[in-house]
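[1] quick one, fold the following:
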Amino acid sequence: MSESVQLRAPRAARWSTTAVFALHAVIFAAWTPHIPAVKQHLGLTDGTLGLALLGAPFGSVCAMFVAGLAVSRWGSRPVVAVSLAGYALLSVGLGLAESWLGLFLALVVWGAFQSTLDIAMNAQAVVVENGYGRPVMSSFHAGWSLAGFCGAGLGTLAVSLGIGLTWQMLTFGLVIAAFAWPLTKPMLRNDIASEEHKFALPWRNRALVVLSALMFAGLFCEGAMGDWTALYLRESLHAPAQLAGSGYAVFAVAMFAGRAMGDWLVSRFGDHRVVGGLAGAGAVLFALALVIGSPWAALVGFVAFGLGLSCIVPVVYRAAAAVPGLHAGAAIAGASTAGWSGMLLGPPVIGLLSEASTLPLALGLLPLLSAVVALGARFLR
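    The predicted model follows:
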């Protein structure tokens, strides 16, 4: 069989999986520019907003207990289709919330579907990478980052046009849900477990504990950047509204650039050198930006930090899928849950710290965590 025939199915699955990664990011990022308006509409403080945002990590942890088992039993393809449709449609609840509790509960349900989709699509990405026989994992996450930039731009445009969060998410949800099943049709089906696998708690496997810790720290930083960049620029640095809305966008572009080069960098220098070097440089430059405290220094810091965090997730997912004795879906579920818990805990923790001190001081936690990742990257050897 020729190489072109052998790779035809993985290539089709690669495009399909990349599209799912992109839609996951668009839905998430398009909601972030609306957070200041939601905060104002519900009359929340930084602290109460942070507590409401805890709903998403709670839902993510709950989903962990079933998502990995579902992938190992039925394969990632059907789980991707169902969770993508649910994730898209249920995002409407974020705009319908009329109280702190309503926002919290909407985020619980949304976070459960968000985490399930993340686990399933990364399990499919591992299968596709195995089909290629070379690193391609970063390319999927590069697509996620580019789509995150586009989603943030669409959300910012909707805010500037006076389009509310409910109508925005309803439009996205109906369109994406309609195409969820046909979009996943080219995905590979050879990740169904040949034997029954029990759920793998992250702390039951020493290698998975380390990987989960790196994932938690990296995505804690990424989540906090998604939800607090606009508020930091607007409220702390008094930047114009247009500039404030671009904060997460430049961060997402930098993430895309780092991930677009990630597969080549990993092949040339190795996982631990790439993750450690980028995370360390990002930590230093973002910390300097916080000390300088000007809008343009902040944007430069966002770019450096985006590059610094860019390769953590794809490298850790690849390593988790290779942990001996665990089905890839179950191992990815453990690492993914730690990661999404970090990503979704990041915003409320920063909010609570900001309530107790100031937002710039609270954001100082992020370069510290990035430095921890840089030091811990040696375990990726």
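
[2] list the contacts of the lowest-mean-pLDDT helix or strand in the chain.
    Ranked by mean pLDDT, DSSP states H and E, the weakest helix or strand in the chain is helix 241-245, scoring a mean of 73. The set of residues external to helix 241-245 that reach it, using CB atoms under 8 Å, 6 or more residues apart in numbering, is P33, A152, T156, V159, S160, T229, A230, L231, L233, R234, P295, L299. For glycine as for every other residue, the C-beta is placed from the backbone atoms N, C-alpha and C.

[3] can you flag the buried ones in these?
    Among the contacts of helix 241-245, those buried by neighbour count (16 or more other CB atoms under 10 Å) are P33, A152, T156, V159, T229, A230, L231, L233, R234, P295, L299.

[4] gap between the first one and C221?
    Between P33 and C221 the distance is 19 Å, computed by CB to CB, to the nearest Å.

[5] mind checking how far the biggest helix by length in the chain is from the chain centre?
    Longest helix of the chain, by residue count under DSSP state H: helix 100-132. Here helix 100-132 is found 9 Å from its chain centre; the criterion is CA atoms, centre = their mean, to the nearest Å.

[6] for stretch 155-164, same thing?
    23 Å.

[7] likewise stretch 152-169?
    20 Å.

[8] mind listing what's buried along that stretch?
    For stretch 152-169, the neighbour count (16+ other CB under 10 Å) marks A152, G153, L154, G155, T156, A158, V159, L165, T166, Q168, M169 as buried.

[9] which one of those residues sits closest to G111?
    Within those, distances to G111 taken as CB to CB reach their minimum at M169, with 14.7 Å.

[10] what helix or strand does the closest one sit in?
    helix 165-184 (DSSP states H and E).

[11] buried set for that helix?
    The neighbour-count criterion (16+ other CB under 10 Å) identifies L165, T166, Q168, M169, L170, F172, G173, I176, A177, A180, L183, T184 as the buried residues of helix 165-184.

[12] how about the contacts made by the first one?
    Taking CB under 8 Å, 6+ apart, we find L165 in contact with W31, H34, A37, V38, L94, G95, A158.

[13] mind running it again at 6 Å?
    H34, G95 (CB atoms under 6 Å, 6 or more residues apart in numbering).

[14] which residues in this protein form strands?
    Secondary structure of the chain (DSSP state E): no strands present.

[15] quick one: low-confidence parts of it?
    1-8, 191-203 (pLDDT under 70).

[16] need the buried residues of helix 165-184 in a markdown table (columns: distance to V315).
    As requested, those are arranged in a markdown table below (distance: CB to CB, whole Å):
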| residue | distance to V315 |
| --- | --- |
| L165 | 34 |
| T166 | 37 |
| Q168 | 33 |
| M169 | 32 |
| L170 | 36 |
| F172 | 30 |
| G173 | 32 |
| I176 | 28 |
| A177 | 32 |
| A180 | 28 |
| L183 | 26 |
| T184 | 25 |
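
[17] what's the closest of the residues you listed to M137?
    Checking the buried residues of helix 165-184 against M137 by CB to CB gives T184 as the nearest, at 18.6 Å.
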